[in-house]
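# coordinates only, sequence not included:
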């Protein structure tokens, strides 16, 4: 499940189970904590401590049904980019991928 490195020109599409990640969180803080847990899940997946940037589209999707009802699963694209503030550091940029069904979806490396 864990990858060692993600090259600069690669993008990975992966599915995250937010229901599993955000279990045992009070219902009143579900979406707020889901964003934080998503960031740590991406860092753990790639085994690096780089900063994770979430796009507005993904953030709006998580908060679409309010703070208490988050989606069970999400499909995201993760790519490594240079940080806007510090060009020497890299960040993981995550973006939403809209899919109809999660059946049979696996992790895909997309070269761009």
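Alright, I've got the coordinates. Bear in mind that the values here come from a model prediction, so they are computed numbers and not experimental data.

# what strands flank the helix or strand of the chain with the lowest mean pLDDT, and is each parallel or antiparallel?
Using mean pLDDT, DSSP states H and E, the weakest-scoring helix or strand in the chain turns out to be strand 108-111, at a mean of 83. Strand 108-111 sits in its sheet next to strand 10-17 (antiparallel), going by DSSP bridges.

# what strand or helix carries residue 61?
If you go by DSSP states H and E, residue 61 is part of helix 56-62.

# sheet partners, orientation included, of the following helix or strand past that helix?
Per DSSP H and E, the first helix or strand lying C-terminal to helix 56-62 is strand 73-82. The strands beside strand 73-82 in its sheet (DSSP bridges) come out as strand 10-17 (antiparallel), strand 90-97 (antiparallel).

# looking at these, which is closest to residue 33?
strand 10-17 (13.9 Å; CB to CB). Placement of C-beta: from N, CA and C, glycine included.

# many thanks, we can stop here.
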